[in-house]
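S.K.: Test case, fold it:
(2 chains)
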Protein chains: 2
Amino acid sequence: MEKTKVAIIGLGTVGSGVARLLLDFGDRTARHAGRTLWLEKAVVRNLAGSRDCELPEGVLTDQLQDVIVDPEIKVVAQLIGGLEPARTIMLQLLESGKDVVTANKALLAEHGPEIFDRARELGRCVAFEASVAGGIPIIANIGQCLSANQLQSLHGILNGTSNFILSKMHEDGSAYDEVVAEAQRLGYAEADPAMDVDGTDAAQKLAILAHLGFGARVHWAEIPRSGIDTLDLADVRNAQEMGYKIKLLAVAQLVVDSTGNEGLELHVSPTLVKSGRPLAEVGGPYNAIRVVGDAVGQLLFYGPGAGQMPTASAVVADMIDVAVGRSPITFRTLELWSDRQARVAPADYANARGRFYLRVTVDDSPGVLAQITQALGEQDISIASVLQHEPETGGQAISLVIMTHETTEGAASQASEKMSKLACVQTPPVRMWVRD
Amino acid sequence: MEKTKVAIIGLGTVGSGVARLLLDFGDRTARHAGRTLWLEKAVVRNLAGSRDCELPEGVLTDQLQDVIVDPEIKVVAQLIGGLEPARTIMLQLLESGKDVVTANKALLAEHGPEIFDRARELGRCVAFEASVAGGIPIIANIGQCLSANQLQSLHGILNGTSNFILSKMHEDGSAYDEVVAEAQRLGYAEADPAMDVDGTDAAQKLAILAHLGFGARVHWAEIPRSGIDTLDLADVRNAQEMGYKIKLLAVAQLVVDSTGNEGLELHVSPTLVKSGRPLAEVGGPYNAIRVVGDAVGQLLFYGPGAGQMPTASAVVADMIDVAVGRSPITFRTLELWSDRQARVAPADYANARGRFYLRVTVDDSPGVLAQITQALGEQDISIASVLQHEPETGGQAISLVIMTHETTEGAASQASEKMSKLACVQTPPVRMWVRD
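M.R.: Purely as a prediction, here's the structure:
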C-alpha cells in the first residue's frame, strides 16, 4: 500500500492524541485514505519531557530541521499553541514544501492572511478543522457541505470552558468563582482561564467562521465581545425563573440596512436562550453551532468542543484529507483569507436588533421604577416583563430585572448608561442579549 | 472563469430546486467551486408538464440522448425516483463518461453494488449526499470528517414523515389516521405513505449509512424493522406519562459477542426515548443523527431531512464536489460498496440488548398480573416499572404496561409470544425498544 510520510510538531495533549491515532490505528487511516499515514518524525522542544504516547525508535526529535530537510515528509500537523514560534514554524514548513494541518485558532485569527497568502504563493495548503469546535467538523461542513447556500446566520457555543461553567452555575446554583475552581480541577479550565471566559477564544473562532461562511474579513479583536467573567449568580437565577438559560453565544447574522446594503452583525455575548431550544440544552463542556442557510434551512451540529481525542480526530481527518488531495482542492478553490473574496463588511453593532435583559440594583425608595422605565422610554424601548423580588430583610437595595421588547444594541446601551447616572442606581446595569 | 457543463435528469420537486440554485445563484457556486456550473440540459419525460422553475431556451429536452452524446457535460444530477428506469439511466450515464450525483436512496440500497462497481470499472464516481437525511451532510461527515474514528454506534431519526406524525400525536394527542391525513395535506406525507411509515425508507437509509460508516454489507431488506403504522395513541400517552417520547429510530451498534467476534446490530424500530435527550426533542419533519466515534465521542447532526431546497442544497454541494475533483478522490479511496471492504457482519438481532416497553390488553380478573409477569420471569426478564390504570367504566379489559430492565430482543420476543397464548390476554402485546 502507498505510504505518505507525515510529522507532528508538538507532542502536548493534542499532539500525543494524534500520534496515538496514527500509530495504534494505522489500518483505519489506511482504509479511509487508501494509503498509510506513516509517522516519520515527532518534534518536541524537550526530549526528556513526559508525554502521553509511545513512539517507535527514531521518531522523536528536538530538531525541527529533521522535518524541514526531509522532502519525503509531505504532511505536517503543527500543534504548537500561541503565536510564536508557531507562526515562524508554520511559514518554514510551507516554504519547505509541506502541507500543514493546524489546531491553532489564535494563530489563524491573528496571522491568517499572511499564512494563507504564503501557502497559496507556494502552491501549498493549510487545513484547520481542529481550530474551531474541536471534534465537530464545522469547517468542512461550512466550507464544503453547505456550498450551495448563502449562509444567513450562525449561532455558536464555541467555548467549552465557559459552557461548562455556565451549565454548572445553572445546575448547582454555585457561584462563578467556585465553579471555575471545579472546572480547573476537572481539566475543563486552564490555570489562567482568562481567554476562555472573557470571550476572546470564542471571538477568534467566530472570526474564522465568519471568514469561511460569510466571506467577511474581520480581525477577531474588532468583534464586540463580552465574557462570563463578571456574571453574577443572581442573573443565572433570574434567567431560570424567567424560563431561560445563559449561554456564551458567538453570533454572525447577515443583515440588510435601510439603504439596502448587506452587513454582517458579529458579537460574542452572554445570552439568555429560551429553555428547550437546542442551544439552551447544550450542557457541560460541549459545543454546538446552529447554522441557517437560504437553501438548506436550519442545521445544528453538536459535539465535544475540546479534549485530546476529539481534537486529534479532527487533526487526523485533515491529515487524511491533505494526503488524498481533497484539502489542496478546497484550499485552492475557496481562496481562503484572500482579499479578493471579501464579500460583506461588519455591520454597525449599535444597529444590531434584539431583546435585552437588564438587571439594575437600585435604592428601595418611591419613584425608582418610574425613573428606570423613563430611561428606557427615552430610547423608545418597550418593556416586555419586569421581575422585582421583595427586598431582603434590612436591605436598602433592590434588584430590578427588566426584559425589553426588540430594540437595538445602541439604544439598550444608551439606556443603560443613562440609568447608571441616576442617583437611585447603586451599580451600573448588567445587560445581556435575549434569544427566544 | 472556467465552466463545467452539467445536466439534470428529472425536474420534479428536487430537480426544480437544483435548477433554481444553479440558474439563480450561479455566482455562489462559482465562488465555492472556483468555476461556473453551467446547466446545459434538463431532461424530462414530458415537455408539456408543469414545473417549478424557469429554464433558459434550449435547456429543456425529453431526449436523454442529448446528455449522453455530449462529451462536454461532465456532471449529471440523476433525480428520478424508483428503481427503473433510474438504474438503467444511471448506468448509461456512467458508461458515457459522466460522473453522477443522485438523491435516490432506494436505488442505491437495492442496486448499490452494481452501480458502484460499474462506476469504479469506468473510472467514474457517484455522489449521494442527498440520499440520506436530506439537507444534513451526513454522508460527507461519516465518509470524510470522521475518518480517524471507528464508529461505535449510530442512532438516527431518518424518516421525516414518521417523525412529523409521531410529533403531532405527542403534541396534539390525535390518533394516527387523523395525523396522517394532516401530514398529507401539509405535504409531509405522500398519497401512499406506506414506505415511510412501515420503516422501509429508514431501513434503506440505514443500510447506506451502515455500509459507509461501519463497512457492513447488508441489504436493507435484511434489517429487522417495524414502523409506526400500527401505533396506538394509548402507547403515545403511556410513553408521555412515563417521561418518554416515541421516535422511529434507525440503529447501528457495534457489539462484541461472547466469543470476541464483532458484529453490527441493525434495526429500525419505534422506540421510547427519554424526554430531554436530544433525539427525543427532534420535532416535526426534522431528521437527526447521533454518531459515536471512538476518538471523537458523541456528535449530533440535526436538520431538515427532506423538502425541495434542503435536498437541492445537498445535490448541488455534491455537484460542486464532483466538479472540483473532491468526490472522485473520495469515491476512489473509500472503495464504496466494494466487497473487499466488508469489515463486519450483521449481529444476530435476537442477541441485541436493551430495555423494552410492553403493552398488553388483558381480562380484568384475578391472577392476570401473575401470569404476565411469569411469562417474563421465564425469560429472565426483570420488570423495571408497571403502569396499570383503573379500567374504564363497564370495561372488561385492562391495559397493562410494563417496562423491563435490560434483556435481549430474543427474550422479549419470546415472552411476548408466550403472553399472546395466555387465555387472559385479549390482543398480542405491543412491544417497543426503550432508550434512556
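S.K.: all contacts plus neighbour counts: C-alpha atoms, from now on.
M.R.: Fine.
S.K.: which bits of the stretch 301-436 of chain A sit near chain B?
M.R.: A:301-304, A:309-314, A:316-318, A:320-321, A:324-326, A:329, A:333-334 (CA under 8 Å from any CA of the partner chain).
S.K.: and with 7 Å instead?
M.R.: A:301-303, A:309-310, A:313, A:316-317, A:324, A:326, A:329, A:333-334 (CA under 7 Å from any CA of the partner chain).
S.K.: Just send these back as CSV, with pLDDT, neighbour count and secondary structure too.
M.R.: Shown next, in CSV, are those (pLDDT from 0 to 100; neighbours: other CA atoms under 10 Å in any protein chain shown; DSSP: H, G, I helix; E, B strand; the rest coil):
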residue, pLDDT, neighbour count, secondary structure
A:301, 98, 22, strand
A:302, 97, 27, strand
A:303, 97, 26, strand
A:309, 95, 26, helix
A:310, 96, 28, helix
A:313, 96, 31, helix
A:316, 97, 27, helix
A:317, 96, 26, helix
A:324, 94, 20, helix
A:326, 94, 21, helix
A:329, 94, 18, helix
A:333, 85, 16, helix
A:334, 78, 19, helix
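S.K.: Is residue A:380 part of a helix or strand, or is it coil?
M.R.: coil (DSSP: H, G, I helix; E, B strand; the rest coil).
S.K.: Let me fix that, I meant to ask about residue A:143.
M.R.: helix.
S.K.: how about the strands in the stretch 101-250 of chain A?
M.R.: A:126-127, A:151-157, A:244-256 (DSSP state E, counting those that start in this stretch).
S.K.: same question, the stretch 301-436 of chain A
M.R.: Under DSSP E, counting those that start in this stretch, the stretch 301-436 of chain A gives strands at A:345-346, A:353-363, A:383-388, A:397-404, A:407-408, A:425-435.
S.K.: Mean pLDDT and distance to residue A:134 added to these, as TSV?
M.R.: Listed next are these as TSV, based on pLDDT from 0 to 100; distance: least, CA to CA, whole Å:
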stretch	mean pLDDT	distance to residue A:134
strand A:345-346	90	26
strand A:353-363	94	29
strand A:383-388	92	38
strand A:397-404	92	34
strand A:407-408	96	33
strand A:425-435	93	25
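S.K.: Would you mind putting the ones you listed into TSV with mean neighbour count alongside?
M.R.: Below are the strands of the stretch 301-436 of chain A laid out as TSV (neighbours: other CA atoms under 10 Å in any protein chain shown):
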stretch	mean neighbour count
strand A:345-346	18
strand A:353-363	21
strand A:383-388	14
strand A:397-404	20
strand A:407-408	19
strand A:425-435	19
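S.K.: related to what we said a few turns ago, so which of the strands of the stretch 101-250 of chain A is nearest residue A:213?
M.R.: strand A:151-157 (6.6 Å; CA to CA).
S.K.: The closest one relative to strand A:244-256, how many degrees between them?
M.R.: 160 degrees (axes from the mean of the first three to the mean of the last three CA atoms, to 10 degrees).
S.K.: Residue A:228 is in contact with residue A:196, isn't it?
M.R.: No. With contacts counted by CA atoms under 7 Å, residue A:228 stays clear of residue A:196, the gap being 9.1 Å.
S.K.: Tell me which two of the residues of the stretch 301-436 of chain A next to chain B sit farthest apart.
M.R.: A:309 and A:333 (29.7 Å).
S.K.: give me phi/psi at the residue lying farthest from the centre of chain A?
M.R.: Relative to the centre of chain A, the most outlying C-alpha is that of residue A:366, 44.7 Å out, by CA atoms, centre = their mean. Phi and psi for residue A:366, reported as degrees, to the nearest 10, are phi -60, psi 150.
S.K.: Tell me where chain A is predicted with low confidence.
M.R.: A:339-341, A:393-395 (pLDDT under 70).
S.K.: From chain B, how far off is the nearest residue to residue A:103 once chain neighbours are set aside?
M.R.: The spatial neighbour of residue A:103 that comes closest, neighbours along the chain excluded (CA to CA, 6 or more residues apart in numbering or on different chains), is residue A:131 at 4.1 Å. Here residue A:131 is placed at a distance of 14 Å from chain B (CA to the nearest CA, to the nearest Å).
S.K.: same question, residue A:359
M.R.: Distance from residue A:359 to chain B, by CA to the nearest CA: 30 Å.
S.K.: On the strand side of things, show who that residue bridges to.
M.R.: Residue A:359 forms beta bridges with residue A:401, residue A:430, as assigned by DSSP bridges.
S.K.: how about it, what does it touch?
M.R.: Each residue near residue A:359 by CA atoms under 7 Å, 6 or more residues apart in numbering or on different chains is listed here: A:399-402, A:429-431.
S.K.: Repeat that for residue A:289.
M.R.: Counted by CA under 7 Å, 6+ apart, residue A:289 has contacts A:154-157, A:300-302.
S.K.: And residue A:375, by the same measure?
M.R.: Contacts of residue A:375 by CA under 7 Å, 6+ apart are A:415, A:418-419.
S.K.: now, among the residues you listed, which is nearest to residue B:169?
M.R.: Out of the contacts of residue A:375, the member with the shortest distance to residue B:169 (by CA to CA) is residue A:415, at 46.3 Å.
S.K.: List the buried residues for stretch A:175-190?
M.R.: A:175-176, A:179-183, A:188-190 (16 or more other CA atoms under 10 Å in any protein chain shown).
S.K.: what about the closest residue to chain B within the stretch 1-150 of chain A, how many neighbours?
M.R.: Closest residue of the stretch 1-150 of chain A to chain B, CA to the nearest CA: residue A:34 (4.8 Å). If you count neighbours by other CA atoms under 10 Å in any protein chain shown, residue A:34 ends up with 22.
S.K.: wait, it sits on residue B:333?
M.R.: Yes. Using CA under 7 Å, residue A:34 makes contact with residue B:333 at a distance of 4.8 Å.
S.K.: Which residues are in contact with each of these two?
M.R.: If you check residue A:34 and residue B:333 against CA under 7 Å, 6+ apart, no residue is contacted by both.
S.K.: Looking at the stretch 301-436 of chain A, which residue is nearest chain B?
M.R.: For the stretch 301-436 of chain A, CA to the nearest CA, closest residue to chain B: residue A:310, 3.9 Å.
S.K.: domains in chain A, as residue ranges please.
M.R.: A:3-134+A:329-334, A:147-303, A:350-435 (automatic domain parsing).
S.K.: Next, format those domains as a markdown table and append distance to residue B:136.
M.R.: As requested, the domains of chain A are exported to a markdown table (distance: least, CA to CA, whole Å):
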| stretch | distance to residue B:136 |
| --- | --- |
| domain A:3-134+A:329-334 | 18 |
| domain A:147-303 | 7 |
| domain A:350-435 | 24 |
